[in-house]
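1. build me a model from this:
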Amino acid sequence: MEREVRPVNLFVWIVVIFAAHLAMYYALGTPSWIATSLLATFVWTIVLLIGNAFLKQRQKERT
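-> Numbers count the residues shown, from 1 in each chain. As a prediction, the model looks like this:
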């Protein structure tokens, strides 16, 4: 039995991931914590966009 996957509000996820990275790299004392946070958030944004596109394609194929 498969569960229905709801659409993800990507903007909210990206903001939360960015805030978490800011806090983490600042707490770790990373010298360039803002740039590192932006880069890490960019990587996760790409992963989320690809995953979201994949899920939308799967749902489209089912209907």
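
2. the worst-scoring helix or strand of the chain on mean pLDDT: which residues count as buried?
-> Lowest by mean pLDDT, DSSP states H and E among the helices and strands of the chain is helix 33-62, with a mean of 91. Within helix 33-62, the residues that count as buried by 16 or more other CB atoms under 10 Å are 33, 36, 37, 40, 41, 44. C-beta: built from backbone N, CA, C; applies to glycine.

3. closest to residue 18 out of the residues you listed?
-> Nearest to residue 18 among these is residue 41, at 4.4 Å by CB to CB.

4. which residue, neighbours along the chain excluded, lies closest to that closest one?
-> Spatially, and ignoring its direct neighbours in sequence, residue 41 is nearest to residue 18 (4.4 Å; CB to CB, 6 or more residues apart in numbering).

5. where's that neighbour, which helix or strand?
-> Per DSSP states H and E: residue 18 is located in helix 10-28.

6. what packs against that helix?
-> helix 33-62 (3 or more CB pairs under 8 Å, 6 or more residues apart in numbering; DSSP states H and E).

7. angle of the helix it packs on against helix 10-28?
-> 150 degrees (axes from the mean of the first three to the mean of the last three CA atoms, to 10 degrees).
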